[in-house]
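Visitor: what follows is a predicted structure for the sequence shown.
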Amino acid sequence: MIKMDPQNETVTDEALAEEAARGDRAAFDEIVRRYCRPLVQFITGRAANVQDAEDIVQETFLKAYQHIDSFDGRYAFKSWLFTIAYRVAVSVYRKKRPHVLSHEAIGQIAETPAEQASIAGGIWDEVHAMRPDDRTVLWLRYKQDMDIEQIAGIMGKTQTGVRVHLHRARNRLAKRIVQKESAPMCGFDSNDTVSLERTH
């Protein structure tokens, strides 16, 4: 069994999942520690408020714990976990209309006061006001640093579909910014294209 140290980041997620599947609760606790905040931040983009997001994340961890033995270690555990979270959120909000988060709600999930100010007044404030699927694809790509293949698996889309969606979401985000600012800013050029990075 792996000796779990809450500060030990050298143990991979996949190794933790393997140990958790063998009944090591400390390994699963470490998974929760690593992914609680990232999942809450991710789900808040689709939820009406932070409390709903936390409930969805709790359900995500419950499902992950119940099915941890089905995880295939040949693949990234992070993608597997985010896929569960995405599906739980979609199921919960299928019949509900998501609300745009307030600055206060955004601040609740920020890491530090400096990050709160950055989110409240910057690009991610605009992202949170966009459609749920746009928020999802932008968040996974640029906040979670996932590649196109991983995002496609989480959202149940083809890789081509994700590339197209990401391109369009970036352009919609750019237009939102350009409409508010008379000069290019924050990585946007004069053609309303977001210069974040390539999608492949």
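Guide: Good, I have the coordinates.

Visitor: now for the longest helix belonging to the chain, which elements pack on it?
Guide: Taking DSSP state H as the criterion, the chain has its longest helix at helix 159-180. Using 3 or more Cβ pairs under 8 Å, 6 or more residues apart in numbering; DSSP states H and E, the elements in contact with helix 159-180 are helix 123-128, helix 132-138, helix 148-155. Backbone N, C-alpha and C define where each C-beta goes, glycine included.

Visitor: out of these, flag the one nearest D72.
Guide: Of all the helices and strands packed on helix 159-180, helix 148-155 sits nearest to D72, with 11.8 Å by Cβ to Cβ.

Visitor: for the helices and strands packed on helix 159-180, could you give me TSV that also reports mean neighbour count, distance to K78 and mean pLDDT?
Guide: Converted to TSV, these look like this (neighbours: other Cβ atoms under 10 Å; distance: least, Cβ to Cβ, whole Å; pLDDT from 0 to 100):
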stretch	mean neighbour count	distance to K78	mean pLDDT
helix 123-128	20	20	76
helix 132-138	21	15	88
helix 148-155	21	8	92
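
Visitor: helices of the protein, start to end?
Guide: So, for the chain - with DSSP H - the helices run 13-21, 25-44, 50-66, 77-93, 103-108, 113-121, 123-128, 132-138, 148-155, 159-180.

Visitor: what about the closest residue to F28 other than its chain neighbours, neighbour count?
Guide: Nearest non-adjacent residue to F28, counting by Cβ to Cβ, 6 or more residues apart in numbering: A20, 4.0 Å away. As a burial measure, A20 scores 23 neighbours (other Cβ atoms under 10 Å).

Visitor: from Q144, how far off is A20?
Guide: 21 Å (Cβ to Cβ, to the nearest Å).

Visitor: what's the answer for F28, then?
Guide: Distance from F28 to Q144, by Cβ to Cβ: 21 Å.
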